[in-house]
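Visitor: can you look at this prediction? I've put the sequence above it.
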Amino acid sequence: MKARDRVRWIWSSKDTAELRARYDKWASDYDADLDEAFGWIGPEKAAEVLADLVPTEAKVLDAGAGTGLVGLALASHGYKNLIAADISEGMLNRARKKKVYREFYRVVLGEPLAFKTDSFDAVISVGVLTEGHAPPSALVELVRLTKPGGCIVFTLRTDLYETGGFKEIQEGLVHRNRWTLVATSDPFRPLPKGEPGVFHHVWAYRVAG
């Protein structure tokens, strides 16, 4: 199966169980597919934003860590206290081999997560808040996990912000004084080789104290 076919196969998953199973199968080819066929640069873009806002000694949750590409990007900025969480054990097994995370958890974003309130200094989520994956409501749980004054950094397709329910959730959290917007990147092409017509923003919020 070619890389683009695998991506379509992932996106056609009917439920969480099927999505998890398909990511388990894709794990061994994931890094090569995203690099060679798509030129995936989301991890580096998001890591740059987080590095401007969060000290390197921070405890950071990588929510939707996949094979650990975000962890590698953060490690290149000096972060060492990284926690990986993902739906797929197969993907987490690949992330373990990169040796940049301290702990690993299998979770489903959009469901209650088994972490205590205020567990992390920062959360990063790249390529996960999207159709068929983590819903907009997942942001509410990520706020709960983040300490007051901590940051949440995530990527989001520009069109989904308007049409996918994210704008309402993001603005609602602002209006309820749960977080404050601190940075938004210019639109960029995260998949310049494979999907040059797709644009993302990196969003960064600071959780209210």
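Guide: Cool, got the structure. Residues are numbered from 1 along each chain as shown.

Visitor: how many residues are close by A84?
Guide: Counted with other Cβ atoms under 10 Å, residues neighbouring A84 total 27. To be clear about C-beta, it is placed using only N, CA and C from the backbone, and glycine gets the same treatment.

Visitor: err, R176, not the other one
Guide: Close neighbours of R176, defined as other Cβ under 10 Å, add up to 11.

Visitor: what do you get for R20?
Guide: Residues near R20, counting by other Cβ under 10 Å: 18.

Visitor: the longest strand along the chain pairs with which strands?
Guide: Using DSSP state E, we find that the single longest strand of the chain is strand 146-157. Using DSSP bridges, the strands paired with strand 146-157 in its sheet are strand 120-125 (parallel), strand 200-207 (antiparallel).

Visitor: could I get these as CSV with mean pLDDT and distance to A27?
Guide: Shown next, in CSV, are those (pLDDT from 0 to 100; distance: least, Cβ to Cβ, whole Å):
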stretch, mean pLDDT, distance to A27
strand 120-125, 98, 19
strand 200-207, 98, 23
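
Visitor: between those strands, which one is nearest to V143?
Guide: strand 200-207 (5.8 Å; Cβ to Cβ).

Visitor: thinking again about what came up before, using JSON lines, lay out the strands paired with strand 146-157 together with distance to H77 and mean neighbour count.
Guide: JSON lines is the format used below for the strands paired with strand 146-157 (distance: least, Cβ to Cβ, whole Å; neighbours: other Cβ atoms under 10 Å):
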{"stretch": "strand 120-125", "distance to H77": "11", "mean neighbour count": "26"}
{"stretch": "strand 200-207", "distance to H77": "14", "mean neighbour count": "23"}
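
Visitor: can I get the CA coordinates of the longest strand of the chain in CSV?
Guide: Only the C-alpha atoms of strand 146-157 are listed here, as CSV (Å, rounded to 0.1, in the frame of the first residue of the first chain):
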residue,chain,number,x,y,z
THR,A,146,-2.2,21.9,32.5
LYS,A,147,-0.9,23.9,35.5
PRO,A,148,-2.1,27.5,35.9
GLY,A,149,0.3,29.6,33.9
GLY,A,150,1.2,26.6,31.7
CYS,A,151,0.9,26.5,27.9
ILE,A,152,-1.0,24.4,25.4
VAL,A,153,0.3,24.4,21.9
PHE,A,154,-1.4,22.6,19.0
THR,A,155,-1.7,22.5,15.2
LEU,A,156,-5.1,22.9,13.5
ARG,A,157,-6.2,23.0,9.9
